[in-house]
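Undergrad: With the input below, show me the fold.
(one chain, ligands or ions: 1)
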Amino acid sequence: MSYEIYRVTARCKCPCGKGEIIYGKSMNDWNQTRDGDIEIDCSECSKKFKFTEGGLIDINYPDYYGDPDIKKQMRIIQDRIWNYKYRMTQDEKDERLKAYLTTEEYAALIADPETKLVSDFISEMFNAEYFIEKYSLQELIKAQKEIKIKRYSTELTEKSLEIAIDHKRVCNSIKLSNILKTVNRAIRNYDAYQRFCDKEKEIKAQLKIQYEELKKEYYKNYETYSIEKRKHIIPYALIPVNRSKQRE
Ligand SMILES: [Zn+2]
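TA: Predicted structure coming up:
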């Protein structure tokens, strides 16, 4: 979906002098508008140049490249930071499982890692984490008490009802017995989860330090690249358009 400038608020000559560089408000095919777009309105120059900081540059002028291996390492670290829960090592996963499951549950899981039981445990754990993050321990305990004495989820009150509605959305079930299962797990895992969150923050902080070090290494030649690049930049100076003279 491309935007096209429909109101020019500043302009100047292009490098060849036959066209212009225009700046202003633009619109796409769905009549969505945005401000601050810039275009080369010249059939020759638009084929030859691209915008860069400080002006125009040859369209084929290369971007900065550092060591590709470092870039790869940076991507892996970034991915671990963003998708931490999905990139846990086997040891980290085991640690969580051990803390979250009872000794019997954990033993059952180790005995037969392919059973449906395992995927049930895992989804139960992750579902519980959602409720731990969103609700206080007191709210969960109150819901646990209410659920045990009510027959239908519609009889629940306040936060307990909210938990039930959330459960329908997140776990696809509003059956009291299922909600109770998740709530029980959330209560039992509450402290362990907080500990894992603290640890996760620490690990992420370490990863960020590593990332910054790699970034520094990756961009170590940037200054040299930048000095050379600046020699090839063609500057331009936009001149604001006098609105009273402009035809809409
Ligand atoms: Zn031109």
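Undergrad: Break the protein into its domains for me.
TA: 4-61, 68-218 (automatic domain parsing).
Undergrad: Near the ion, which residues of the protein are found?
TA: 14, 16, 18-19, 42, 44-45 (CB under 5 Å from the ion). To be clear about C-beta, it is placed using only N, CA and C from the backbone, and glycine gets the same treatment.
Undergrad: Would you single out the least confident of the domains of the chain?
TA: Averaged per stretch, pLDDT over the domains of the chain is lowest on domain 68-218, reaching a mean of 91.
Undergrad: What segments of this structure are strands?
TA: 4-13, 20-27, 33-41, 49-52, 55-58, 239-240 (DSSP state E).
Undergrad: hey, which of those is tucked in deepest?
TA: Across these, averaging neighbours per residue (mean count of other CB atoms under 10 Å) puts strand 20-27 on top, at a mean of 19.
Undergrad: Contacts for that one next, please.
TA: 3-14, 33-42, 56, 236, 238, 241 (CB atoms under 8 Å, 6 or more residues apart in numbering).
Undergrad: Ok, stretch 126-142 next?
TA: Contacts for stretch 126-142 (CB under 8 Å, 6+ apart): 85, 100, 143, 159-160, 163, 166-167, 170-171, 182-183, 185-187, 189-190, 193-194.
Undergrad: So what would you say the end-to-end distance of that stretch is?
TA: The first and last residues of stretch 126-142 sit 21 Å apart, counting by CA to CA, to the nearest Å.
Undergrad: residue closest to the middle of the protein?
TA: W82 (6.6 Å; CA atoms, centre = their mean).
Undergrad: Mind giving me the packing neighbours of the longest helix anywhere in the chain?
TA: Taking DSSP state H as the criterion, the chain has its longest helix at helix 176-218. If you count contacts as 3 or more CB pairs under 8 Å, 6 or more residues apart in numbering; DSSP states H and E, helix 176-218 packs onto helix 68-82, helix 90-100, helix 116-134, helix 137-149, helix 158-171.
Undergrad: Next up, the contacts around the nearest residue to S43 once chain neighbours are set aside.
TA: Spatial nearest neighbour of S43, chain neighbours left out: G19 (7.2 Å); criterion: CB to CB, 6 or more residues apart in numbering. Contact analysis of G19 by CB under 8 Å, 6+ apart lists 13, 40-46.
Undergrad: Try it again at 10 Å.
TA: 13, 39-46 (CB atoms under 10 Å, 6 or more residues apart in numbering).
Undergrad: C45 too?
TA: C45 touches 13-21, 56, 59, 234, counting by CB under 10 Å, 6+ apart.
Undergrad: what would those residues look like in a markdown table with distance to K201?
TA: Shown next, in a markdown table, are the contacts of C45 (distance: CB to CB, whole Å):
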| residue | distance to K201 |
| --- | --- |
| K13 | 54 |
| C14 | 51 |
| P15 | 51 |
| C16 | 55 |
| G17 | 58 |
| K18 | 58 |
| G19 | 54 |
| E20 | 52 |
| I21 | 47 |
| L56 | 45 |
| I59 | 44 |
| I234 | 47 |
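Undergrad: closest to Q210 among those?
TA: Proximity of the contacts of C45 to Q210 (CB to CB) peaks at I59, which lies at 35.9 Å.
Undergrad: Identify the bridge partners of the nearest residue to the closest one once chain neighbours are set aside.
TA: Nearest residue to I59, sequence neighbours excluded (CB to CB, 6+ apart): K50, at 4.9 Å. On the basis of DSSP bridges, K50 takes part in beta bridges with I57.
Undergrad: K50 reaches Y61, doesn't it?
TA: Yes: at 7.6 Å, K50 counts as touching Y61 under the criterion of CB atoms under 10 Å.
Undergrad: Overlap in contacts, those two.
TA: Common contact partners of K50 and Y61 (CB under 10 Å, 6+ apart): none.
Undergrad: Let me know the distance separating C45 from K25.
TA: The spacing between C45 and K25, counted by CB to CB, to the nearest Å, is 22 Å.
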